[in-house]
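Peer 1: Sequence first, predicted coordinates after that:
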Amino acid sequence: MLVAVVSDTHGVSEYIKKVANLITKADILIHLGDNISDLDELKTKFTGIVYGVKGNCDFENSIPKELLIDIEGKKILITHGDRYNVKAGINTLYYSALEKKVDVALFGHSHIPLIVEQDGVLFVNPGSPSLPRLNARTIAFLEVDKDKPVSAYLYEIRV
């Protein structure tokens, strides 16, 4: 199963449209917050399952700050990352992921892409397609199969 992971779109329509064109073949779309309302534009070309959490720049009360979901038997934590102070590192998120016994922890907030496995947990930050810090404009994809470990890769959005 192919999962598209997007974060920190911040309402920049030019890049949201580019992302919408890139995710059409995914089965699931996950938005990690900071302009969660951009999901409306992303869903114009996406027909799969959609999950989203709010970030520190989102104010919709009906959107959760965090979700735990199951995809193909893999437990996945979805969070924006601000509540775990991820701009200073993933240590707090790491311990929460271990407590929750997740296979994957998805987070944004820093606008800096990261894919790292630590003690059986895959940590993925897709970066930002709109306002990147230190790196290119990116989103992430997960490949999830019940019989294999989850794999992740970044996709660079060309201007």
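Peer 2: Ah, there it is.

Peer 1: In which helix or strand does residue 135 reside?
Peer 2: Counting by DSSP states H and E, there is no helix or strand that carries residue 135.

Peer 1: For the helix or strand of the chain with the lowest mean pLDDT, name the packing helices and strands.
Peer 2: Least confident helix or strand of the chain, by mean pLDDT, DSSP states H and E, is helix 39-42 with a mean of 91. Judged by 3 or more CB pairs under 8 Å, 6 or more residues apart in numbering; DSSP states H and E, helix 39-42 is in contact with helix 13-22, strand 28-31. No exception for glycine: its C-beta is placed from N, CA and C like everyone else's.

Peer 1: Would you single out the least confident of these?
Peer 2: Note on the helices and strands packed on helix 39-42: helix 13-22 shows the lowest mean pLDDT, a mean of 94.

Peer 1: Give the buried residues for that helix.
Peer 2: By neighbour count on 16 or more other CB atoms under 10 Å, the buried set for helix 13-22 is 15-16, 18-20, 22.

Peer 1: for those, which one is nearest residue 57?
Peer 2: Nearest to residue 57 among these: residue 16, at 14.8 Å, using CB to CB.

Peer 1: Show the contacting residues for that closest one.
Peer 2: Going by CB atoms under 8 Å, 6 or more residues apart in numbering, residue 16 touches 9, 38, 41-42, 129-130.
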